[in-house]
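Participant: No letters, just coordinates:
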């Protein structure tokens, strides 16, 4: 009897995750086939597996060299943002916790714009490798720094005060916005165009060279986060309960915050600020699977990847021969959902 109950408990999450994975694969196929130039599904499959198609050589180049790296970047970035959001919501035991709300994204954008504007004054333009490293490391450092600062201010007597965390996060977002404003004031036209990329979010820079170093780092970060799924379940019981069960809460928090800040800072370095994926996706998965992080984390990663792939597809096909910033599309959907969460939490409190 107990075995059958355990089997039923495992069956539903596996089926749900399977459907989410199937949706991700379908969205990837559609994204590879659709765009300014529509490509037949057969040609897409042949191009993916390296099979030459007579009369469709250009289509194969478009799929392999342009759309495929962009799709894979969207998968990695969307998965990172979603799984980071799920982890932060568990750490702070608050449904509104999000990489953007506690300053990770803003810190990453600040690191990027500071390097774009002031790095060119200090580093010769000919040092291309240094510029490439700086534009990727500064956003990560900015995201980590702001997150740790918010965490320290919200920590009191070994406990995180969620209200304080959110207020400090809002204050840091405003302060970082002011810093970005100063950087924009001192920027030239080229630097201002680069800042527009960071502020609105885009996957246009995706290429195979980027993926060659992005994929291993992202996979390592997500693997590390997935390894803490049991500890995250214990944190849901409460801090005191987790401590009594042998969990070093403060140590676990520091590690998870560092991992999530590194991952989100890296996505900001690559794609700019893409908001609300980390907020919306864990809630949708929680509605389907419940709060168990053994299933919630992998489901969030898959769904976040699918959401960003679909958002990037809409950004590419909405305007002919042009594209919308993908961060604008995610904010268009995410902001109303965020307001819904606030209203629902308010109603539950008043009941």
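Facilitator: Looks like it came in fine. These figures come from a predicted structure and were not determined experimentally.
Participant: list the buried ones in stretch 78-93?
Facilitator: 78-92 (16 or more other CB atoms under 10 Å). Quick note: C-beta positions are derived from backbone N, CA and C, even for glycine.
Participant: tell me how far that stretch is from the chain's mean position?
Facilitator: Distance of stretch 78-93 from the chain centroid (CA atoms, centre = their mean, to the nearest Å) equals 9 Å.
Participant: Lowest average confidence across helices and strands of this protein, where is it?
Facilitator: Taking mean pLDDT, DSSP states H and E as the measure, the chain has strand 159-160 as its least confident helix or strand, at a mean of 69.
Participant: Quick check: what element follows it along the chain?
Facilitator: Sequence order places helix 162-185 as the next helix or strand after strand 159-160, per DSSP states H and E.
Participant: Packing partners of that next one?
Facilitator: helix 104-122, helix 128-154, helix 189-200 (3 or more CB pairs under 8 Å, 6 or more residues apart in numbering; DSSP states H and E).
Participant: So which of the buried residues of stretch 78-93 are in helices?
Facilitator: 78-92 (DSSP state H).
Participant: ok, now which ones touch the residue most central in space within the chain?
Facilitator: Geometric centre of the chain, nearest residue: residue 81, 1.9 Å, by CA atoms, centre = their mean. The contact partners of residue 81, by CB atoms under 8 Å, 6 or more residues apart in numbering, come to 99, 264, 267, 274, 277, 278, 281, 304, 308.
Participant: can you list the weak-confidence ranges in the protein?
Facilitator: For the chain, the stretches with pLDDT under 70 are 1-8, 52-55, 120-131, 158-160, 162, 197-198, 345, 348-351.
Participant: Contacts only, for the residue nearest to residue 115 when sequence neighbours are not counted.
Facilitator: Distance criterion CB to CB, 6 or more residues apart in numbering; nearest residue to residue 115, sequence neighbours excluded, is residue 138 at 4.1 Å. Going by CB under 8 Å, 6+ apart, residue 138 touches 111, 112, 114, 115, 119, 269.
Participant: name the helices or strands packed onto the helix or strand where residue 220 lies?
Facilitator: Taking DSSP H and E as the criterion, residue 220 maps to helix 208-226. Here helix 208-226 touches helix 68-92, helix 249-271, helix 293-317, going by 3+ CB pairs under 8 Å, 6+ apart.
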